[in-house]
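> Take this sequence and fold it.
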Amino acid sequence: MRRGKSTPLARLAHIHGIEISYLDASGQTRIVSSKTLIALLEACGVSASGERDVQDALDEAERARTEKLVEPVNVVWGRRPTKFALRSTSGLSNKTNCVVHLEDGTKRALRVVRTKRGHDALISTLAYGYHTLEVHIGKRVARSLLICAPRAAYNSDQRLWGLFAPPYALHSEKGWGTGDFRDAAELAKWAQSLGGTIIGTLPVTAAFLDKPFDPSPYSPASRLFWNEFYLHVPAIPEFGVCKEAQELFRSREFQHQIATFRRSEWVDYRAEMAAKRSVLELLSVFFFARQSKRLRQFEAFLRSRPQLAEYARFRAVAERQETGWTNWPKRLQLGKFSADDYSVGAEHYHLYVQFCAQEQIDYLAAQFRNRNSLFYLDVPLGVNADSFDAWRERALFVHGVNGGAPPDPFFTKGQDWGFSPLHPQRIREDRYRYYLEFLRFQLRHTGLLRLDHVMGLYRLYWIPKGFPASEGAYVRYPAEELFAMLCLESHRQKTALIGENLGTVPPEVNAAMDKHKINRMFVVQYELRPDPRKALRPPPRDFIASMNTHDMPTFASYWNGLDIRDRADLGLIPGNEIAKTKKLRRKSNKALVEFLRRKRLLPRKGTLTSKEVLSACLKFLAASEAQFLLINVEDLWSETVPQNTPGTTSERRNWRHKARLSLEQIKADHDCRAILAEIDRLRRNL
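Numbers count the residues shown, from 1 in each chain. Okay, here's the model as predicted:
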């Protein structure tokens, strides 16, 4: 099939948002192969296997585009009069019936005027919200969602600092082995006693922890529900009155299991979830067996979350099948469940644990609000391919491709993240219903929300299943509409936004983040330069500053070059580049020390430890204009084991490493307290 910018295949790809070329990390233009374009179009439901198919699909797409009366979604920035172009001239006139249905239930007639290019619908000032434009021509009705949003996301003027820790990494002497919602609350309370008002963590959304199994917080079983793995069971009201649960908990075997979990430096998700579930199942049976005030509260909760009943049944069927839904029989894939397809006990369990998790999250969020602190959560870019979301909303996902990233100097083969991306046009036509569901679910419970891979608002790299990660293409997304919803929803929930803009970032992404006041990320290990005078630039105002992220080596590991050795072992650094990489790191480290000495943050002479350099870097960040400062708690004791090594699965034990210190030890550590006290002093002086 012929290739080129003006061929039918290229035009068809363009209409469907698929880019036929892109600039790679080195600035070179990469041309997408015809094979990849065809595979992506086919995954989107567009027949493109032959020239005749391509031409027919192109004719149909162009015909549909010319017949479209109005776009399915339009954005109105700010409260101001505006106009919308009505594309079709057939049947349109100044007397066309055009009305807008406002979010508050009222409606308003619009005036249609003729222009040189056709007709425009004129509308006066709108309140912020989601409204519906309706155009009637004879029996034909066209509708458009109007998103009226403030130009900038919600933000505060305070300059705050806080701690970051993965939820599973936390542990306490009386805990059940791995961190839970109570441990997060205890860390927050300690940080607040020192002046810190942010606690950041990884996503705590639902996960598959048996069959199927995927503990990655960025491959959730749903973005609409919580991960019951983090429940603090002793705080559940039924635990104190259920004799069977108490007996199981006090049994020698159960106590032996907990002792084993506490001793391990790694999280055993399957074993720990099975142990916790054995108690939770008894509490669930106890809960549903009797009438109580809490049962009536649960019924109200169930009415407020209409998807929960469907989610619980979905999870119960998955447990009976012992595999993800993409491997189920066709009848079950279509949701045609019978009583024999699942256990009612399992269904009740999933209903109950979501009720309990919501209670504990609500309590945690209230504790933050009462102390004027921010709970920092992360919304994953995608969901597990076998997730409830991908099953329930399958028409909105593209199931024949995976999201990922093209090759770059760090990942020379590219990255395949293994999740099905959302279809950019179908989510528009569905008025962003699902997108708003999971966005609001996160925003309701946090004061600071991080958007994973914010570049995905503009474009996402799609890889056809069965293709190597190097053979993908970028697909465009309706960025303006997504930014409008983010700005509007952040104001409604009074939540500031952070965009994860690390890696290869198109210039328009950072420009849009600045325009809409979405905080960018300043990460020291990304920013370092081997120049003693300019080793670090000062973090700007609308940024969140940190030393690293969960996808990067800890500072001690970075400083000592342990990550270089690890990447070499994984084959991510060619053998002939290892010595050069080590030399550049030594040069960068030396430049950083000279820079910090010039700033009088380090002594002029003497051998330095990684902890001393870390402390000096944190002081530099604390004294900067950056609005937020987030400190990885593990850096405070020079941890060297990373939480995640991107590009690996079974090669490394990702998302499993527990903090070397317990919560009690962290609180008692003099060095930790001293560093944080100095950070708080510098932040307050601003």
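> And the helices in the stretch 201-350 of the chain, which stretches?
243-250, 252-263, 269-288, 293-304, 308-321, 330-333, 344-370 (DSSP state H, counting those that start in this stretch).
> With mean neighbour count, mean pLDDT and distance to Asn510 as added columns, please give these in CSV.
Using the backbone N, CA and C atoms, a C-beta is placed for each residue, glycine as well. As requested, the helices of the stretch 201-350 of the chain are arranged in CSV below (neighbours: other Cβ atoms under 10 Å; pLDDT from 0 to 100; distance: least, Cβ to Cβ, whole Å):
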stretch, mean neighbour count, mean pLDDT, distance to Asn510
helix 243-250, 14, 98, 52
helix 252-263, 13, 98, 43
helix 269-288, 19, 98, 37
helix 293-304, 12, 95, 38
helix 308-321, 20, 98, 37
helix 330-333, 13, 97, 41
helix 344-370, 18, 96, 29
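> Could you dump those into a markdown table and include distance to Leu488?
Formatted as a markdown table, these follow (distance: least, Cβ to Cβ, whole Å):
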| stretch | distance to Leu488 |
| --- | --- |
| helix 243-250 | 44 |
| helix 252-263 | 43 |
| helix 269-288 | 37 |
| helix 293-304 | 22 |
| helix 308-321 | 26 |
| helix 330-333 | 35 |
| helix 344-370 | 21 |
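> Looking at those helices, which is nearest to Ile427?
Among these, helix 308-321 comes nearest to Ile427, with 19.7 Å by Cβ to Cβ.
> Which other helices and strands does the closest one contact?
Under the contact criterion of 3 or more Cβ pairs under 8 Å, 6 or more residues apart in numbering; DSSP states H and E, the helices and strands touching helix 308-321 comprise helix 293-304, helix 344-370, helix 388-392.
> can I get the CA coordinates of that helix in CSV?
Once non-C-alpha atoms are left out, helix 308-321 reads as follows in CSV (Å, rounded to 0.1, in the frame of the first residue of the first chain):
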residue,chain,number,x,y,z
LEU,A,308,-20.8,-1.0,43.1
ALA,A,309,-23.4,-3.9,42.8
GLU,A,310,-22.1,-4.6,39.3
TYR,A,311,-18.5,-4.3,40.4
ALA,A,312,-19.0,-6.8,43.3
ARG,A,313,-20.6,-9.3,41.0
PHE,A,314,-17.9,-8.9,38.4
ARG,A,315,-15.2,-9.6,41.0
ALA,A,316,-17.1,-12.6,42.3
VAL,A,317,-17.4,-14.1,38.8
ALA,A,318,-13.6,-13.4,38.2
GLU,A,319,-12.8,-15.4,41.4
ARG,A,320,-15.0,-18.3,40.3
GLN,A,321,-13.3,-18.3,36.8
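> Low-confidence regions, the protein specifically.
Judged by pLDDT under 70, the chain has its weakly predicted residues at 1-5, 88-91.
> which residue sits farthest out from the middle of it?
Farthest-out residue of the chain from its mean C-alpha position, per Cα atoms, centre = their mean: Lys95, at 46.6 Å.
> Checking that residue next. Helix, strand or coil?
Secondary structure, DSSP: H, G, I helix; E, B strand; the rest coil: Lys95 is coil.
> Angles on the backbone of it, please.
Dihedral angles phi and psi of Lys95 (degrees, to the nearest 10) take the values phi -100, psi 10.
> closest one to Asp671 among the helices of the stretch 201-350 of the chain?
Comparing these by their distance to Asp671 (Cβ to Cβ), the top pick is helix 252-263, with 24.0 Å.
> hmm, back to that, quick check: the residue farthest from the centre of the chain vs Tyr432, distance?
Between Lys95 and Tyr432 the distance is 32 Å, computed by Cβ to Cβ, to the nearest Å.
> domains of the chain?
Here the domain assignment for the chain is 8-67, 79-149, 227-373, based on automatic domain parsing.
> Between the two ends of the shortest one, what distance do you get?
So that's domain 8-67. 20 Å (Cα to Cα, to the nearest Å).
> and it, how far from the chain's centre?
Centre-to-centre, domain 8-67 and its host chain are 28 Å apart (Cα atoms, centre = their mean, to the nearest Å).
> Show me where the stretch 51-200 of the chain has its helices.
The residue ranges that make up the helices of the stretch 51-200 of the chain, judged by DSSP H, counting those that start in this stretch, are 51-67, 181-193.
> Can you check which of those helices gets nearest to Arg111?
Arg111 sits nearest to helix 51-67 of all these, at 23.7 Å, using Cβ to Cβ.
> List the buried residues in that closest one.
Residues of helix 51-67 classed as buried under the neighbour-count rule (16 or more other Cβ atoms under 10 Å) are Asp53, Val54, Ala57, Leu58, Ala61.
> can you list contacts of it?
By Cβ atoms under 8 Å, 6 or more residues apart in numbering, the residues outside helix 51-67 that reach it are 1, 8-9, 11-12, 15-16, 41, 46-48, 87-88.
> circling back to that earlier point, take the helices and strands packed on helix 308-321 and write them to a markdown table, including distance to Val641.
Shown next, in a markdown table, are the helices and strands packed on helix 308-321 (distance: least, Cβ to Cβ, whole Å):
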| stretch | distance to Val641 |
| --- | --- |
| helix 293-304 | 39 |
| helix 344-370 | 27 |
| helix 388-392 | 32 |
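> closest to Thr82 out of those helices?
Set against Thr82 and scored by Cβ to Cβ, those come closest in helix 388-392, at 33.7 Å.
> ok, Phe84 - how many residues close by?
Summarising burial for Phe84: neighbours were counted as other Cβ atoms under 10 Å, giving 22.
> which residues does the residue lying closest to Gln255 once chain neighbours are set aside contact?
When the adjacent residues along the chain are set aside, Gln255 lies closest to Phe249, with 7.9 Å between them (Cβ to Cβ, 6 or more residues apart in numbering). Taking Cβ under 8 Å, 6+ apart as the contact definition, Phe249 lies against Phe239, Gln255, Val279.
> Relative to Leu630, which of the helices and strands packed on helix 308-321 is closest?
Go through the helices and strands packed on helix 308-321 one by one with Cβ to Cβ and the one that ends up closest to Leu630 is helix 344-370, at 14.9 Å.
> The closest one to helix 181-193, inter-axis angle?
Taking axes from the mean of the first three to the mean of the last three Cα atoms, to 10 degrees, one finds helix 344-370 and helix 181-193 inclined to each other by 10 degrees.
> Name the strands paired with the following helix or strand past helix 344-370 and say parallel or antiparallel.
Secondary structure here is assigned by DSSP states H and E; on that basis, the next helix or strand after helix 344-370 toward the C-terminus is strand 374-379. According to DSSP bridges, strand 374-379 forms sheet pairs with strand 198-200 (parallel), strand 448-451 (parallel).
> Could you work out the end-to-end span of stretch 362-381 for me?
The stretch stretch 362-381 measures 24 Å between its terminal residues, going by Cα to Cα.
> ok now it, how far from the chain's centre?
Centroid separation between stretch 362-381 and its chain, computed with Cα atoms, centre = their mean, is 16 Å.
> Likewise for stretch 218-231?
A distance of 12 Å separates the C-alpha centroid of stretch 218-231 from that of its chain, computed with Cα atoms, centre = their mean.
> Can you check the distance spanned by it, start to finish?
Between the start and the finish of stretch 218-231 there is a gap of 19 Å, counting by Cα to Cα.
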